[in-house]
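Peer 1: Give me the fold of what follows.
(one chain, ligands or ions: 1)
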Amino acid sequence: MSGRELDLWIRYGYNGAMLRRIDRIADKFDPAEHIVVHQGDCLDLLRTIPTETIQLIATSPPYNIGKEYETRLKLETYLEQQATVIRECVRTLLPTGSVCWQVGNYVDRGAIIPLDTVLYPIFTDLGLKMRNRIIWHFEHGLHCSRRFSGRYETVIWFTKSDDYRFSLDSVRVPQKYPGKKYFKGPKAGQYSSNPLGKNPGDMWAIPNVKSNHVEKTEHPCQFPVELIERLVLSMTSKDDWVLDPFLGTGTTVIAAIRHDRRGAGAETVPRYVQLARERIQQEMEGTLRTRPMDRPVYDPLEAGNSLTVAPWEKKENPSQMALFESTARYRGKTPR
Ligand SMILES: C[S@@+](CC[C@H](N)C(=O)[O-])C[C@H]1O[C@@H](n2cnc3c(N)ncnc32)[C@H](O)[C@@H]1O
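Peer 2: You can find the predicted model right below:
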């Protein structure tokens, strides 16, 4: 038995007096399973899931922008289809559960419509409450010439009730000034920051999965595993179900099983289903390469990357180059 297999037995296996293996990927939903990848329409999967079963639904639906896996629809038709899926999702959600819908812009002849703004009423009409509109910021994408290039998308987070599961301590990040102390009052001299770290806030800088990203497959728009890990860790507990109705390459299920949750999803394109199964299998075997959650965003200046110096700027305009330098290099002086 490999170390990873042993780990799976230990993590999932002890059930009364009996050990059982759970590293199989089922293709139909059953509450007794741990991993489900359904090839087909998400509504077919959703309708087999009992009411109030799922703790977290995290997904990135098609944006209706004509990607290879979608037919571009009139916006109203697209929203009606989304509403049908969202209604089913809400039915399957536990009262303590959360829905995180990750979206960008719909673009109509150069005019953008942020999809979260038009999806918002669908969720609230179903009685859900919005807890955050998380800005997911990244640095790579299309270069626009008639508007500023899009460098963020959003994750809209809704809960089914006020009694929702949320573990902030599971996702705290390092403090900016961990050595800071109270300077007056009864706690003067004591450290003022939480030793577990700070709240990550609602602006998340996480690299998107473009060609150089370690997780990149042939799918045109994967989201990174680390983005979903933060949702899984903060909104679910061990053994809870995490569902992605638009599974793509299996990212959500990977993030779920990495943290000992159960994962289920649907995907219509057979090639993506195959990729999802392969990646999930690799995750179970401990061989899937992903970008770690705690790795800082690559800084080419800090890394000494020679490409950061524009040959045509080298001598002529040193003050312009200074704008790219990290503030630490100004040694306390504010650049003007
Ligand atoms: C934005 S991508 C999701 C990518 C995914 N987050 C990942 O990390 O790989 C949306 C996916 O939904 C799939 N899809 C579109 N309509 C679907 C439907 N009705 N049921 C299930 N999957 C669908 C598409 O084929 C596409 O792979």
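Peer 1: domain assignment for the protein?
Peer 2: Structural domains annotated on the chain: 35-298, 303-336, as defined by automatic domain parsing.
Peer 1: In TSV, list those along with distance to residue 25.
Peer 2: All C-beta atoms are positioned from the backbone trio N, CA, C, and that covers glycine. What follows is the domains of the chain, written out as TSV (distance: least, Cβ to Cβ, whole Å):
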stretch	distance to residue 25
domain 35-298	5
domain 303-336	38
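Peer 1: Highest mean neighbour count across those, which stretch is it?
Peer 2: Stretch with highest mean neighbour count among these: domain 35-298 (a mean of 17; mean count of other Cβ atoms under 10 Å).
Peer 1: so what pLDDT did residue 316 get?
Peer 2: The per-residue pLDDT reported for residue 316 equals 56.
Peer 1: and residue 107, what is it in contact with?
Peer 2: The contact partners of residue 107, by Cβ atoms under 8 Å, 6 or more residues apart in numbering, come to 65, 113.
Peer 1: for it, which residues make a bridge with it?
Peer 2: Residue 107 has the following beta-bridge partners by DSSP bridges: residue 112.
Peer 1: mind checking how far it is from residue 143?
Peer 2: Distance of residue 107 to residue 143, given as Cβ to Cβ, to the nearest Å: 15 Å.
Peer 1: Touching, residue 161 and residue 96? I think so.
Peer 2: Yes - using Cβ atoms under 8 Å, residue 161 is in contact with residue 96, at 7.0 Å.
Peer 1: Output the domains of the chain in a markdown table; the columns should cover distance to the ligand.
Peer 2: Shown next, in a markdown table, are the domains of the chain (distance: least, Cβ to the nearest ligand atom, whole Å):
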| stretch | distance to the ligand |
| --- | --- |
| domain 35-298 | 2 |
| domain 303-336 | 27 |
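Peer 1: Pick out the shakiest of the ones you listed, pLDDT-wise.
Peer 2: Within those, confidence is poorest for domain 303-336, with a mean of 65 (mean pLDDT).
Peer 1: What does the pLDDT read for residue 7?
Peer 2: Looking at residue 7, its pLDDT reads 53.
Peer 1: swap in residue 302?
Peer 2: In this model, residue 302 carries a pLDDT of 89.
Peer 1: Pretty sure it sits in a helix.
Peer 2: No - counting by DSSP: H, G, I helix; E, B strand; the rest coil, residue 302 is not part of a helix but coil.
Peer 1: Can you give me the distance of it to residue 151?
Peer 2: Residue 302 is 20 Å from residue 151, where distance means Cβ to Cβ.
Peer 1: Show me the strands in the stretch 151-300 of the chain, by range?
Peer 2: All strands of the stretch 151-300 of the chain, identified by DSSP state E, counting those that start in this stretch, fall at 152-159, 203-205, 241-244, 262-267.
Peer 1: who's in contact with the last one?
Peer 2: This points to strand 262-267. By Cβ under 8 Å, 6+ apart, strand 262-267 touches 29, 33-42, 44-46, 49, 54, 239-248, 250, 252-257, 273, 276, 280.
Peer 1: ok and the longest strand seen in the chain relative to strand 152-159, angle-wise?
Peer 2: For the chain, the longest strand by residue count, based on DSSP state E, is strand 93-103. In terms of direction (axes from the mean of the first three to the mean of the last three Cα atoms, to 10 degrees), strand 93-103 departs from strand 152-159 by 170 degrees.
Peer 1: which strands and helices sit next to strand 93-103?
Peer 2: strand 54-59, helix 75-92, helix 115-125, strand 152-159, helix 225-235 (3 or more Cβ pairs under 8 Å, 6 or more residues apart in numbering; DSSP states H and E).
Peer 1: Also compute the angle for the longest one relative to strand 152-159, please.
Peer 2: Following the same axes, to 10 degrees, one obtains 40 degrees for the angle between helix 75-92 and strand 152-159.
Peer 1: Quick check: closest non-adjacent residue to residue 49.
Peer 2: Nearest residue to residue 49 in three dimensions, chain neighbours excluded: residue 92, at 4.4 Å (Cβ to Cβ, 6 or more residues apart in numbering).
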